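Visitor: Sequence first, then the predicted structure, then my questions.
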Amino acid sequence: MVERDVVIKNRAGMHARPAALLVQTANKFSSNIYFKKDSEQVNGKSIMGIITLGATYNTELKIIADGKDEIEAVEALAGLFENKFEEE
């Protein structure tokens, strides 16, 4: 299992477009992927799950991946956060 902390850097926070981008990326991997905010953990391959986290600008999330391509999955997803989901 691989975990990595990320921070939402885009001003609009986690809305439909970045959530969809996360799900599309997560679905490229066979690993189980989760996002965790505080004590709430959701399936990283579920757009509704990600949106229900209510993550806004500067919110810290944890990416958790478990499977044969877990390292690649976490790196790809963390890259989306670093690039502000290509929104800015």
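Guide: Right, received. Where do you want to start? Residues are numbered from 1 along each chain as shown.
Visitor: quick one: low-confidence parts of the chain?
Guide: Within the chain, not a single segment meets pLDDT under 70.
Visitor: Strands of that one, start to end?
Guide: 2-7, 32-37, 40-43, 60-66 (DSSP state E).
Visitor: Quick one: work out the angle between the second one and strand 60-66.
Guide: Meaning strand 32-37. Here the directions of strand 32-37 and strand 60-66 differ by 160 degrees (axes from the mean of the first three to the mean of the last three Cα atoms, to 10 degrees).
Visitor: what helices or strands is strand 32-37 leaning on?
Guide: Packing contacts for strand 32-37, counted by 3 or more Cβ pairs under 8 Å, 6 or more residues apart in numbering; DSSP states H and E, involve strand 40-43, strand 60-66. No exception for glycine: its C-beta is placed from N, CA and C like everyone else's.
Visitor: re the thing from before, and the strands of the chain, which is most packed in?
Guide: Comparing the strands of the chain by mean neighbour count (mean count of other Cβ atoms under 10 Å), strand 32-37 comes out on top with a mean of 20.
Visitor: Could you provide the helices and strands packed on strand 32-37 in a markdown table, with additional columns for distance to residue 81?
Guide: Below are the helices and strands packed on strand 32-37 laid out as a markdown table (distance: least, Cβ to Cβ, whole Å):
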| stretch | distance to residue 81 |
| --- | --- |
| strand 40-43 | 16 |
| strand 60-66 | 8 |
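Visitor: Which one, of those strands, ends up nearest to residue 33?
Guide: When these are compared by Cβ to Cβ, strand 60-66 sits nearest residue 33, at 5.0 Å.
Visitor: Just the residues contacting that closest one, thanks.
Guide: Under the criterion Cβ atoms under 8 Å, 6 or more residues apart in numbering, residues 1-8, 29, 31-37, 41, 44, 53, 55, 71, 73-74, 77-78, 81 lie in contact with strand 60-66.
Visitor: ok, back up a step: reformat the strands of the chain as a markdown table; add distance to residue 87.
Guide: Converted to a markdown table, the strands of the chain look like this (distance: least, Cβ to Cβ, whole Å):
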| stretch | distance to residue 87 |
| --- | --- |
| strand 2-7 | 15 |
| strand 32-37 | 18 |
| strand 40-43 | 21 |
| strand 60-66 | 16 |
